[in-house]
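Asker: Show me the folded form of this:
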Amino acid sequence: MTWFTFAFLTALSVAIHDTWVKKWFSHLTAYEMFVFPLLYSLPLTLISLLFINVPPLDRIFYITFLISLPLNAVPFFMYIKAIKISPLSLTVPYLAFTPVFIIATGFLMLNEVPDIWGIAGIAAVCIGSYVLNIDPKKRSLSDPFRAVFKETGSWMMLIVSFIFSFSAVLGKLAILHSSVMFFQMSFFAVLNLLIIIIFLVFRKIRLKTFVEQPVKGMVAGVLLYCHILFHGYGISMTKAAYMMSVKRLSIVFGVIFGGLVFHEENFLMRFLGAMLMFSGAVMILLMAK
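Answerer: Down below sits the predicted model:
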């Protein structure tokens with residue numbers, strides 16, 4: 001299962017990236033925190049394009065390319081803001097809903113319908129999200145439900161997860177109408193450059209901020225580049241829902257790193273919730289048709 005290897009590597013790179021950015025750039029504004037990995041990954045994508053043959057491109061490629069720009073820019077910014085303002089273990093786990101949402105977007109775009117195992121996987125993810133918010137000091141069963149709406153990072157990540165379910169499907173469509181390397185490198189080169197220019201024009205960032213920590217910035221850039229590369233190859237080899245389910249191993253890694261690096265509270269309960277959410281994703285991967 002080559003696709004599984006790429007999906008696993010994607011999950012690992014995502015979790016390490018999130019932890020690295022939160023640890024070293026949380027003192028910056030959400031805009032600067034967001035741009036750091038984009039800026040330092042930009043040279044890598046541009047250099048890669050020099051060694052890639054341009055495949056035949058059709059109308060579908062250009063349409064999906066253009067639509068994917070806002071569908072990636074908005075959730076990426078919300079993603080960074082969510083992990084900045086809330087604990088990793090209360091934000092990252094909600095990304096487990098992406099493969100669940102992809103079942104719906106797959107139905108709308110590809111006429112795919114989940115079977116009984118798919119429904120069971122969705123239930124496991126929902127139960128996991130509930131357990132994730134249980135506070136052992138408060139026994140009320142309604143507390144976790146209210147926490148989803150009280151914790152800003154949590155509901156923001158739910159929105160991110162929903163938008164990603166569209167961008168992931170569209171991204172795969174663009175890859176099928178070009179090539180993995182060409183789409184991934186050209187798309188993120190354009191996306192990163194546009195975001196940086198827009199933030200500079202509206203004075204949301206200052207370039208001098210990004211030269212103060214060049215080594216840490218390069219690490220963030222390499223991690224994002226690895227994420228881009230592994231994701232592209234993984235999703236091109238199997239169904240989007242399957243790849244995204246395995247990619248959500250980043251949830252488990254994220255909760256572990258949140259406890260080890262940031263000493264986030266209620267770690268054991270949140271880890272249990274994350275594992276339940278992940279088990280639902282795995283069920284969708286292994287059992288659903």
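Asker: Can you tell me how far L193 is from L95?
Answerer: To L95, L193 is 26 Å away according to C-beta to C-beta, to the nearest Å. Every C-beta, even on glycine, is put in place using the N, C-alpha and C of the backbone.
Asker: who has more neighbours, those two?
Answerer: Comparing L193 with L95 by other C-beta atoms under 10 Å, the one with more neighbours is L95, at 25 against 15.
Asker: hang on, isn't L95 packed against V160?
Answerer: Yes. Between L95 and V160 there is a contact at 7.2 Å, judged by C-beta atoms under 8 Å.
Asker: what's the helix or strand for M33?
Answerer: Here M33 is covered by helix 30-49, with elements defined by DSSP states H and E.
Asker: tell me which residues in stretch 95-110 are buried?
Answerer: Of the residues in stretch 95-110, those buried by neighbour count under the rule 16 or more other C-beta atoms under 10 Å are L95, A96, F97, T98, P99, V100, F101, I102, I103, T105, G106.
Asker: Sorry, slip of the keys, the one I care about is stretch 211-226.
Answerer: With burial defined by 16+ other C-beta under 10 Å, the residues of stretch 211-226 counted as buried are Q213, K216, G217, V219, A220, G221, V222, L223, L224, Y225, C226.
Asker: repeat for stretch 280-289
Answerer: Residues of stretch 280-289 classed as buried by neighbour count (16+ other C-beta under 10 Å): G280, A281, V282, M283, I284, L285, A288.
Asker: contacting residues around T98?
Answerer: For T98, the residues meeting the contact criterion (C-beta atoms under 8 Å, 6 or more residues apart in numbering) are S161, F162, F164, S165, A168, M244, R248.
Asker: Any chance of the buried residues of stretch 280-289 in CSV with distance to G273, secondary structure and pLDDT as columns?
Answerer: Below are those laid out as CSV (distance: C-beta to C-beta, whole Å; DSSP: H, G, I helix; E, B strand; the rest coil; pLDDT from 0 to 100):
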residue, distance to G273, secondary structure, pLDDT
G280, 11, helix, 79
A281, 13, helix, 77
V282, 15, helix, 80
M283, 16, helix, 80
I284, 17, helix, 74
L285, 19, helix, 72
A288, 21, coil, 61
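Asker: what comes into contact with the helix holding M33?
Answerer: Contacts to helix 30-49, defined as C-beta under 8 Å, 6+ apart, come from residues 17, 21, 25-26, 28, 76-77, 80-81, 84-85, 181-182, 184-186, 188-189, 192-193, 195-196, 199, 204-206, 209-210, 217-218, 220-225, 228.
Asker: Only the buried subset of those residues, as a PyMOL command please.
Answerer: Buried members of these can be picked out in PyMOL with the line below, counting by 16+ other C-beta under 10 Å:
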select buried, resi 17+21+25+28+76+77+80+81+84+181+182+184+185+186+188+189+192+195+196+199+205+209+210+217+220+221+222+223+224+225+228
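Asker: Just the ones of the buried residues of stretch 95-110 in helices?
Answerer: Within the buried residues of stretch 95-110, membership in helices is found for F97, T98, P99, V100, F101, I102, I103, T105, G106, as judged by DSSP state H.
Asker: what separates the fourth one from V219, distance-wise?
Answerer: With distances taken as C-beta to C-beta, V100 is found 32 Å from V219.
Asker: And for the first one?
Answerer: Counting by C-beta to C-beta, the gap from F97 to V219 is 29 Å.
Asker: can you list the weak-confidence ranges in the protein?
Answerer: Under the criterion pLDDT under 70, the flagged ranges of the chain are 1, 88-89, 110-114, 130, 132-148, 264-266, 288-289.
Asker: the longest helix in it is where?
Answerer: The chain, longest helix under DSSP H: helix 59-85.
Asker: How far off centre is it?
Answerer: Offset of helix 59-85 from its chain centre (C-alpha atoms, centre = their mean, to the nearest Å): 10 Å.
Asker: Also stretch 234-247?
Answerer: A distance of 13 Å separates the centroid of the chain from that of stretch 234-247, by C-alpha atoms, centre = their mean.
Asker: CA atoms only for that stretch, dumped as CSV, please.
Answerer: What follows is stretch 234-247 as a C-alpha-only set of coordinates in CSV (Å, rounded to 0.1, in the frame of the first residue of the first chain):
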residue,chain,number,x,y,z
GLY,A,234,-1.2,9.9,-1.4
ILE,A,235,-4.5,11.3,-2.7
SER,A,236,-3.6,10.5,-6.3
MET,A,237,-3.3,6.7,-5.5
THR,A,238,-6.6,6.0,-3.7
LYS,A,239,-10.0,7.5,-2.9
ALA,A,240,-10.0,10.9,-1.3
ALA,A,241,-11.9,9.7,1.7
TYR,A,242,-9.5,6.8,2.3
MET,A,243,-6.4,9.0,2.1
MET,A,244,-7.9,11.7,4.3
SER,A,245,-8.9,9.2,6.9
VAL,A,246,-5.3,7.9,7.3
LYS,A,247,-4.0,11.5,7.1
